[in-house]
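A.B. asks: when you get a sec, could you give me coordinates for this:
(one chain, ligands or ions: 1)
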Amino acid sequence: VSAIACRRCSVGDLDPLAWRCPLCGGPLELVAAPEVEPVALGEPITPLVEWPRDDGVEVLLKLEGTLPTGSFKDRGSALLAGWLARHRARSAVIDSSGNAGASLAAYCARAGIACDVYAPATAAPPKLTQIRAYGARVHLVAGPRQAAADAAVAAAEGGAVYAAHAWSPLFTAGTATCAIELHEQLGGRVPDAVVVPVGAGTLFLGIRRGYADVGAARAPRLFGVQTTACPPLALAHERGEAEPAPVTPRRGAAEGILIARPPRGAEVLAAARETGGAIIAVEDDAVWRALAKLARSGVYVEPTSAAAVAGLELLIDTGRLGSAQRVVVILTGTGLKASAQIAAALFD
Ligand SMILES: [Zn+2]
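C.D. replies: Residues are numbered from 1 along each chain as shown. Alright, predicted model coming up:
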C-alpha cells in the first residue's frame, strides 16, 4: 500500500514518485507514516531567541537560517530526498527562486541523485552559485516565478522526477519538525500565535501538522504573511474565499514568497481560519524597515523572513493579535545570500 493518496479521488496504488493526482490534478496527501530515512547533513535544533519589545508582547524568533543550507527548506528536503532515494529516483527536477533549489540540491548531492533546478532569471546570484556548487544544473527561466514552475513540469515529462516542494506531501511533513522542536523548546506550552511568511505555504502547513503530531491540546493561531507584490492568499482570506485569488505578481523584495498559484492554497486558507489566524499582506517598505530593525538587534535575515516581522508589526498595530502574550515568528532564511538586495535597499 502506498503511503500517498488523493483524498478526493481515493485512487489506490499510486506511483510513490507521482507529484500530483493523476485523476484530478490536485495535491497528494500522506495517508500513512512514510517508511523513509531522512537524508542527514547535521541539522541543528534551530535557536529560539527573545526579541525585546516594550509593548508587553513576548516575541520569540526561531532562526531557521542556521540550518545547513541557510533556510527552513532543509527540513522538507531531508525527508523528500530520503523518499527519492528509497524509491530509487536517479534524477530530480524542481523549480525554485533559490532557497528550495539550494536545499534540495544539497540533499540530492548527499543522496547521489542528479538535480536540475529551474529558477526565475531574477533569482539572487548567490543562491544560484550555491545550487551550482552542490553539482545541480541551473536553468534560468525568463518571466514570472510561475514560468519556472511550468518549465520544470515540462522537463519532468521527459522522465525525471518532479520533486516540487510546493506539491510534495513529504516536503510538508518534513517541515513539521519546526513545530515539534518549538514545542520542546517551550516546554510543552503552546504560544498564542505563530507568524510565518507564506508563499506555497509548506511551512505554514507543516507547523499545523507538527502541533497535531505532538498531541498539543490546541494549535496556536497561525498567521501567514505575504507581500502586496503577490497576495493570492491574503486577498482570498480577506474576501472569505476558500481558494487562492487570481493575481498578477509584481517583482518584490520578498522573492521567496512570490507564488501566484500555491497548489495547497486552499489548505493554507483553511488552516488559518480553523486556528483563528489570518493571511495578511504587507508592503515592501515595511519589509525593509523590519529587516533593518531586526539587524540592529543582531539578527540578519533575508527579506522574505523580514516580511513575517512586518506582518507581526501590522497585527500588533491593528489590534488583531488581541490579548496574545507570546508570539513566535519563524525567520525562514539567512540574510547572507541576499546581501546585494539588502545593500541596495538600505544603503543606496
Ligand atoms: Zn484526485
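A.B. asks: helix or strand with the lowest mean pLDDT in the chain?
C.D. replies: helix 145-156 (a mean of 89; mean pLDDT, DSSP states H and E).
A.B. asks: and the contacts of the following helix or strand past that one?
C.D. replies: Once the chain leaves helix 145-156, the next helix or strand it forms, by DSSP states H and E, is strand 161-162. The contact list for strand 161-162, computed with Cβ atoms under 8 Å, 6 or more residues apart in numbering, reads Leu17, Trp19, Leu84, Ala89, Ser91, Ala92, Val93, Ile94, Ala152, Val153, Ala156. Glycine gets a C-beta too; all of them are placed from N, C-alpha and C.
A.B. asks: compare the residues you listed and tell me which is most surrounded.
C.D. replies: Ile94 (33 neighbours; other Cβ atoms under 10 Å).
A.B. asks: what residues sit buried inside stretch 310-326?
C.D. replies: Ala310, Gly311, Leu312, Leu314, Leu315, Ile316, Leu321, Ala324 (16 or more other Cβ atoms under 10 Å).
A.B. asks: now, which of those sits nearest Leu203?
C.D. replies: Gly311 (13.9 Å; Cβ to Cβ).
A.B. asks: and the closest residue to that closest one other than its chain neighbours, bridged to which residues?
C.D. replies: Closest residue in space to Gly311, ignoring its immediate chain neighbours: Val225 at 3.2 Å, by Cβ to Cβ, 6 or more residues apart in numbering. Beta bridges link Val225 to Pro197, Ile280, judged by DSSP bridges.
A.B. asks: contacting residues for Val225?
C.D. replies: Neighbours of Val225 in contact, by Cβ under 8 Å, 6+ apart: 195-198, 257, 279-282, 307-308, 310-311.
A.B. asks: one step back: how about the contacts of strand 161-162 in TSV, adding secondary structure and distance to the ion?
C.D. replies: Below are the contacts of strand 161-162 laid out as TSV (DSSP: H, G, I helix; E, B strand; the rest coil; distance: Cβ to the ion, whole Å):
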residue	secondary structure	distance to the ion
Leu17	coil	16
Trp19	coil	12
Leu84	helix	22
Ala89	coil	22
Ser91	strand	26
Ala92	strand	23
Val93	strand	22
Ile94	strand	22
Ala152	helix	21
Val153	helix	17
Ala156	helix	18
